[in-house]
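[1] predicted model and sequence follow; I will ask about them next.
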Amino acid sequence: MGGPEARVALMNLGTVEAWALKHSDGVHHLQEGADLARRIGRPYLEVACLAQLGFASKLPDFTHARRRSEQAIALAEEHGWRTATILAPALVTLAYVMVWSGEFDSAEQVLRRADVALQADSGPGTGMLLHLVKGMLHAGRGREPEAAQEFTEAHAQQSRLSHPHALTGYVTGWLSATRARLGSPGEARAVLDALRAPLSDAGEIRNAWAVIHLAEGDPAAALAAVATVIDGTAPCVHVATVVEANVLAALAYREVDEPLRAQQAVEHALALAEPQRLVLPFVTSSSGDLLEGVPRRRSAHAALLTDVIDVVHGSARVTSALPLSAAEALSPAELRVLRYLPTNLSRPEIAGELSVSVNTVNTHVRNIYAKLHATDRSSAVQRARELQLLGGGPSR
């Protein structure tokens, strides 16, 4: 069982199982293949298995997917395979997870490496995933036309696959939702009308219908579309779909003038999003003003809510933990804003405390994040404390 044929067989079997949504089987066989390759000193096959393992892990749990993808990337770099084709699944998966968590700049850097790795043909599956992630990144940044182009390409590559796969609902749902947001609900409907059960009943497709109904000014229909996603009867690939369904429900409740139910839907979305830090569903739904209306002090997820709003406002998010070289470069105004970040005050509230505009606070926060190499508000506070930049300032 230790020959090269066995290792390749385990990798291929695990990969097929992952694409077929047999998560536990795929993870088991890919891990077995990676362990076997490591024991007998075959690092190239170990990287290949680990790279596919990251993909297999991403649908049920982004945290595991990130760790396994980074493990594959680190091992490949040890051997000089920084952009090897076998690394492409890990690179694309890592970017996928980063986009969901709002780390857009870091995801873009990883995608550049993936582009190089995929210059050699690796099959329509990974190429389709690459276009999907690029489309999600554009959508997160509000570039809907570019997103639509990437989703259209992903959909075209999807048609080359012989059977529906783990990401079929995502590709189709993102494409139709983006077309609706671009003002073409008729084209969006045409994509979904062509579907058959069970795909047509999937949570990702139900959410796409809700986006169409909201674009057409029919919030009641949007609520009906996401009802089965929220109550758990519609099959969903990942909890991110349920997060998005609650955000869409909140937008619909706002349209029918039910602010309390809208806030409850936002709170439920935040509760589901917090364990894996799912920021993207809030950003792509254009829910910034809705989120701003949620009282921080009443939310059980105030830190995540604030971080989501930061991303909505375009604050830079990076993941590199570089040593601080410019702490002393924080201006007096930035230091004043910094001392309010450990509080639960929103940006408008901080602006009121300092008697400045919200835009001024936004600018200072972006500069603080950049100079502290922080990923969000909580990590900026942690880094500032490590550097003893926080004195006896506000503690509300």
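    All right, it came through fine.

[2] okay, now Gly186: neighbour count?
    Neighbours of Gly186 under the rule other C-beta atoms under 10 Å: 11. Every C-beta, even on glycine, is put in place using the N, C-alpha and C of the backbone.

[3] secondary structure element holding it?
    Assignment of secondary structure by DSSP states H and E places Gly186 within helix 185-193.

[4] CA atoms only for that helix, dumped as PDB, please.
    Provided in PDB are the C-alpha atoms of helix 185-193 (Å, rounded to 0.1, in the frame of the first residue of the first chain):
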ATOM      1  CA  PRO A 185     -33.300  40.700 -13.300                       C
ATOM      2  CA  GLY A 186     -34.700  39.200 -16.500                       C
ATOM      3  CA  GLU A 187     -31.300  37.700 -17.300                       C
ATOM      4  CA  ALA A 188     -30.900  36.500 -13.700                       C
ATOM      5  CA  ARG A 189     -34.300  34.800 -13.900                       C
ATOM      6  CA  ALA A 190     -33.300  33.000 -17.100                       C
ATOM      7  CA  VAL A 191     -30.300  31.500 -15.400                       C
ATOM      8  CA  LEU A 192     -32.400  30.100 -12.500                       C
ATOM      9  CA  ASP A 193     -35.400  29.100 -14.500                       C
END
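
[5] excluding chain neighbours, what is closest to His301?
    Leaving aside its chain neighbours, His301 sits nearest to Leu270 (3.9 Å; criterion: C-beta to C-beta, 6 or more residues apart in numbering).

[6] how near is the closest residue to Ser101 other than its chain neighbours to Pro235?
    Nearest residue to Ser101, sequence neighbours excluded (C-beta to C-beta, 6+ apart): Arg277, at 4.7 Å. Arg277 sits 24 Å away from Pro235, taking C-beta to C-beta, to the nearest Å as the criterion.

[7] next: Ala188.
    21 Å.

[8] neighbour count: the two, which is higher?
    Between Ala188 and Pro235, counting by other C-beta under 10 Å, Ala188 is the more crowded of the two (24 against 17).

[9] would you confirm that the more buried one contacts Thr172?
    No - taking C-beta atoms under 8 Å as the definition, Ala188 is not a contact partner of Thr172, at 10.4 Å.

[10] ends of stretch 71-91, how far apart?
    Separation of the first and last residues of stretch 71-91 by C-alpha to C-alpha, to the nearest Å is 11 Å.

[11] err, stretch 153-167, not the other one
    End-to-end distance of stretch 153-167 (C-alpha to C-alpha): 14 Å.

[12] for stretch 245-265, same thing?
    By C-alpha to C-alpha, the extent of stretch 245-265 from end to end equals 9 Å.

[13] do stretch 363-379 as well
    18 Å.

[14] give the buried residues for that stretch.
    Buried residues in stretch 363-379, counted by 16 or more other C-beta atoms under 10 Å: 364-369, 371-377, 379.

[15] looking at pLDDT only, which of the residues you listed scores worst?
    Minimum pLDDT for the buried residues of stretch 363-379 is recorded at Thr375 (69).

[16] what is the rounded mean pLDDT of the helix or strand where the residue nearest to His301 lies?
    Taking DSSP H and E as the criterion, Leu270 maps to helix 259-273. Averaging pLDDT along helix 259-273 yields 93.

[17] distance between the very next helix or strand once past that helix and the chain's centre?
    Next in sequence after helix 259-273, counting helices and strands by DSSP H and E, comes helix 280-284. The chain centre lies 8 Å from the centre of helix 280-284; the measure is C-alpha atoms, centre = their mean, to the nearest Å.

[18] helix 280-284 - contacts with which helices or strands?
    Identification of packing neighbours for helix 280-284 by 3 or more C-beta pairs under 8 Å, 6 or more residues apart in numbering; DSSP states H and E yields helix 124-140, helix 239-255, helix 259-273, helix 302-312.

[19] give me the buried positions along the third one.
    This points to helix 259-273. Residues of helix 259-273 classed as buried by neighbour count (16+ other C-beta under 10 Å): Arg261, Ala262, Gln263, Ala265, Val266, Glu267, His268, Ala269, Leu270, Leu272, Ala273.
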